[in-house]
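# Take this sequence and fold it.
(2 chains)
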Amino acid sequence: MSAIILFMAGIAAIAGWWLSQQRLAAKPWLEEGVLVDLREQSGSSPPTAKIGLGVFLAVVGSLFALFISAYSMRMTMVDWRALPVPALLWFNTGVLVLSSVALQWAYTAARRDDIDGVILGLLSGGASAVTFLIGQLLAWRQLAGAGYFVASNPANSFFYLITAVHGLHLMGGLVALGRTTSKVWLSAEVIRVRLSVELCAIYWHFLLLVWLVLLGLLTGWTDGFVDICRQLLT
Amino acid sequence: MVDVPFDTVAGVPPAEVGEVDLYHPKSWWTRYVFSQDAKVIAIQYSITAMSIGMVALVLSWLMRLQLGFPGTFSFIDPNQYLQFITMHGMIMVIYLLTALFLGGFGNYLIPLMVGARDMVFPYVNMLSYWVYLLAVVVLVSTFFVPGGPTGAGWTLYPPQAILSGTPGQDWGIILMLASLILFIIGFTMGGLNYVVTVLQARTRGMTLMRLPLTVWGIFTATVMALLAFPALLVASVMLLLDRLLGTSFFMPTLVEMGQLTKYGGGSPILFQHLFWFFGHPEVYIVALPAFGIISDLISVHARKNIFGYRMMVWAIVAIGALSFVVWAHHMYVSGMHPYFGFFFATTTLIIAIPTAIKVYNWVLTLWRGDIHLTIPMLFALAFIVTFVNGGLTGLFLGNVVVDVPLSDTMFVVAHFHMVMGIAPIMAVFGGIYHWYPKITGRMLNEVLGRFHFWVSFLGAYAIFFPMHYLGLLGMPRRYHDIGETAFVPASAHDLNAFMSVAALIVGFAQLVFLFNLVWSLFKGKEAGGNPWGAASLEWQTPETPPGHGNWGKDLPIVYRWAYDYSVPGAARDFVPQNEPPAGLLAQGAGP
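Predicted coordinates:
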């Protein structure tokens, strides 16, 4: 459970930092009158949707941290046989990086009010994300073709499960991306979609980060790190 | 009087959200059924949760009939008994308490108490309810599928949860897990709303340290639930795959009915870790909103400011954080390393400190208060007593050496029913009697309410107090029929019969409560806008029940905390949060 404990410690640090700025030592029974809240005072509070996305990413992060915890506990059992990682995953990773780059590009274009750049960025980001998903399916087929079925070994089960959960999150992102793209298409006013484009880009970067961590786990690169974490708790 | 710098300029404009932000219903359907108004969603959540809660109540009757009068009721066989305990536990913990506190109270109270027009993502909020309803429908459907609902116990421990000896192995367990997955998805949608609304939609002047403790409790509980429910999701998904695809995440190598199963090598302990990583925070997910509600109830009905508000806030946050590092105290008998047990016993006992701070502060709030023994106050007092009772047995069970012999006995059942069954339900009832006038504009009937309180309170003790004793005798939980055993004397059977009769009576009192809810809706006394003379913002709405958008043209401005009761020199014995100070009033600021 060390992965989720580390993750929770990170969340607790962020929450603690935030709470430390909220005047928790105030004596509200003595304070009468209009208190200007920190949120209003700063004047540049992030938009509500962005905060909402941040909270959602914490939830998704906790989900994946739990999968990683389960993975690291199960892999110590004697029946664990690591499966060969298909070379296709490297191609998929590259495509996902491209997808993230394209959305970042769309976001910078949105800040420049460059509508064509936004559309191009969104479409190429979406297309490469779809390519990634197809690539993941092909990787599944390759593994199944080589006899690595979902139930034949826990390492296989985890591989299919974790990639599927990641893919599902990406598919959810594609729905949001599709809505944003159609908004850009219809309204042609960049300023009204700037936030949506930014949120898509943040979500994509997050999923890329999650994928890189998962890839490290699935390929066994992070085994040494996982061992260290495990020893911390035993 | 004031030693903190702040801005007291007159004529501060009210914080206003743009008109476009507010969703307006266009038809009957979007107003009352597919509504995006948090108040309607709250009522939908509450009605659904209470309806499914009635199912769980009937299940508890059936269980008690079997335990009190074994062999009398031929229609309750051992398999059905296991199905009843499983569904009773699961429904009460998740589909009733979690949904009612967060989806019901959270939706209704958060926007009103922070001075917002609605939740920040109303559409997602609406979806949250419909996914929850779907989860409930899937759950109920397990009663009608071949093999019936699962009888795995509410903890759904593998390997037995998915083996053929357990009732509901065909469909029950699959639908149970699917329903949990749906519930978690639905809850996440709602939870995002509750958290972000508290963060972003507070009205002008409503700093965090001016929030009523109800909001603090619900807010912290929601944050915990958002982080803890994924553990149940992961456990459910993996167990579902073990059952459907034959993977071996949790399933060890085992022989079933003389046949080697397809499973091998999995770790049931892994499931326990995941389950309790969710399961223990879940205790506080239902306790923290109750803490908040009780704090507000006793302050209002004792006409006294809450004692130690800051400590109360800190304690809520501390409990929320600590509750994530105590989960393995549910697993002392799983064969874990003794040092682990020591660690988790220590953290478990540490969590008693902030909890005790809260109890002391409630008692000190009551001390020399002008205590009105209204029905909400009665329930609040009952909560405090019950929570202390359950908390003290928790100290017993938190210690490894005491827990090991008591594990899986009726003592554990008595403990958790006191601490997270009776106590939170007392808070729910207190909250409903307190806020019903705001929700409907009418008071609940006083006579029926007092009858409901006394029968529920005394009856609950008649059921669960003796149960501790049965547990100490060694009577195990989850047994359909204890039969003739050397260590259980005949008097224990008489005690069981007594508890069962009490359970039937307490259940009947809940029917009276439901009748009261409906009857008072039409015939109750008109309540007016603020029948209790409460200071917090939800009682200051221009209309009762609050209209669409909650407030009139302008959002309220908050000038003080929510607990200004019996202030010396004030005209009334409470000062509403949105009443400007005297100096500002002279300069023309209006409430």
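# where does the chain have its least confident helix or strand?
All of this refers to chain A. In chain A, no helix or strand scores lower on mean pLDDT, DSSP states H and E than helix A:38-42, which sits at a mean of 60.
# can you list the weak-confidence ranges in the chain?
All of this refers to chain A. Counting by pLDDT under 70, chain A contains low-confidence ranges at A:36-44, A:188, A:233-234.
# You answered for a different chain; I wanted chain B.
Looking at chain B by pLDDT under 70, you get B:1-22, B:583-591.
# Identify the residues contacting the closest residue to A:Phe158 other than its chain neighbours.
Using CB to CB, 6 or more residues apart in numbering or on different chains and skipping the chain neighbours, the partner closest in space to A:Phe158 is A:Tyr71 (5.2 Å). Just so you know, the C-beta spots here come from the backbone N, C-alpha and C atoms, and that holds for glycine as well. Under the criterion of CB atoms under 8 Å, 6 or more residues apart in numbering or on different chains, the neighbours of A:Tyr71 are A:158, A:162, A:217.
# for B:Val333, same thing?
B:Val333 sits in contact with B:403-404, B:407-408, where contact means CB under 8 Å, 6+ apart.
# what's the neighbour count on the residue of chain A found nearest chain B?
As assessed by CB to the nearest CB, chain B sits closest to A:Asp79 within chain A, at 3.3 Å. Residues near A:Asp79, counting by other CB atoms under 10 Å in any protein chain shown, number 14.
# Could you pull up phi and psi at it?
phi -80, psi 0 (degrees, to the nearest 10).
# Report how many residues lie close to A:Gly172.
13.
# gap between the host helix or strand of it and the chain center?
In this assignment (DSSP states H and E), A:Gly172 forms part of helix A:154-187. Distance of helix A:154-187 from its chain centroid, counting by CA atoms, centre = their mean, to the nearest Å, is 10 Å.
# Quick one: name whatever helix or strand follows that helix.
Heading C-terminal from helix A:154-187 (DSSP H and E), you reach helix A:190-219.
# and that next one, what other elements does it pack with?
helix A:48-74, helix A:88-111, helix A:115-145, helix A:154-187 (3 or more CB pairs under 8 Å, 6 or more residues apart in numbering or on different chains; DSSP states H and E).
# measure the nearest residue to B:Ala161 once chain neighbours are set aside to B:Leu163 for me?
Spatially, and ignoring its direct neighbours in sequence, B:Ala161 is nearest to B:Ala152 (3.7 Å; CB to CB, 6+ apart). According to CB to CB, to the nearest Å, B:Ala152 and B:Leu163 sit 9 Å apart.
# neighbour count winner among these two?
B:Ala152 (26 against 18).
# so how far is chain A from the more buried one?
Going from B:Ala152 to chain A by CB to the nearest CB, to the nearest Å gives 20 Å.
# Does that residue touch B:Gly168 like I think?
Yes - using CB atoms under 8 Å, B:Ala152 makes contact with B:Gly168 at a distance of 7.3 Å.
# Could you pull out the residues contacting both of those two?
Joint contacts of B:Ala152 and B:Gly168 (CB under 8 Å, 6+ apart) are B:86, B:176.
# Please tell me I have it right and B:Gly549 contacts B:Asp118.
Yes - here B:Gly549 reaches B:Asp118: they are 7.1 Å apart, a contact under CB under 8 Å.
# the more surrounded of the two?
Ranked by neighbour count (other CB under 10 Å), B:Gly549 and B:Asp118 place B:Asp118 first, with 25 against 18.
# Can you give me the buried ones in stretch B:374-392?
B:374-391 (16 or more other CB atoms under 10 Å in any protein chain shown).
# ok, now stretch A:172-183?
A:173-174, A:177, A:180-181, A:183.
# Just the element for B:Ala535, please.
Going by DSSP H and E, B:Ala535 is not in any helix or strand.
# what number of residues lie near it?
28.
# how about the nearest residue to it, chain neighbours excluded?
B:Phe574 (4.6 Å).
# Bridging across strands, which residues link to the one you found?
B:Tyr565 (DSSP bridges).
# That one reaches B:Lys304, doesn't it?
No - if you go by CB under 8 Å, B:Phe574 and B:Lys304 don't touch, sitting 10.4 Å apart.
# from the stretch 351-500 of chain B, which residue is nearest to chain A?
Closest to chain A within the stretch 351-500 of chain B is B:Thr365: 12.6 Å, counting by CB to the nearest CB.
# so what's that residue up against?
B:295, B:298-299, B:302, B:304-307.
# May I see the residues you listed organised as TSV, with distance to chain A added?
Compiled in TSV, the contacts of B:Thr365 are given as follows (distance: CB to the nearest CB, whole Å):
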residue	distance to chain A
B:Ser295	14
B:Ile298	16
B:Ser299	12
B:Ala302	16
B:Lys304	12
B:Asn305	6
B:Ile306	9
B:Phe307	10
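# Which members of those residues occur in helices, if any?
B:295, B:298-299 (DSSP state H).
# now the residues you listed: which count as buried?
Applying 16+ other CB under 10 Å to those flags B:295, B:298-299 as buried.
# Closest one of these to B:Phe465?
Ranked by distance to B:Phe465 (CB to CB), these are led by B:Ile298 at 23.8 Å.
# C-alpha coordinates for the strand or helix carrying B:Pro437, PDB please?
In the assignment (DSSP H and E), B:Pro437 maps to helix B:423-440. Output in PDB follows, covering the C-alpha atoms of helix B:423-440 (Å, rounded to 0.1, in the frame of the first residue of the first chain):
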ATOM      1  CA  ALA B 423     -25.300   7.500  16.200                       C
ATOM      2  CA  PRO B 424     -25.400   8.800  12.600                       C
ATOM      3  CA  ILE B 425     -29.000   7.900  12.300                       C
ATOM      4  CA  MET B 426     -29.700  10.000  15.400                       C
ATOM      5  CA  ALA B 427     -27.900  12.900  13.600                       C
ATOM      6  CA  VAL B 428     -30.000  12.200  10.400                       C
ATOM      7  CA  PHE B 429     -33.200  12.400  12.400                       C
ATOM      8  CA  GLY B 430     -32.100  15.500  14.300                       C
ATOM      9  CA  GLY B 431     -31.200  17.100  11.100                       C
ATOM     10  CA  ILE B 432     -34.500  16.200   9.400                       C
ATOM     11  CA  TYR B 433     -36.500  17.600  12.400                       C
ATOM     12  CA  HIS B 434     -34.400  20.700  12.400                       C
ATOM     13  CA  TRP B 435     -34.400  21.500   8.600                       C
ATOM     14  CA  TYR B 436     -37.800  20.100   7.600                       C
ATOM     15  CA  PRO B 437     -39.400  23.500   8.300                       C
ATOM     16  CA  LYS B 438     -36.900  25.100   5.900                       C
ATOM     17  CA  ILE B 439     -37.500  22.500   3.200                       C
ATOM     18  CA  THR B 440     -41.300  22.400   3.400                       C
END
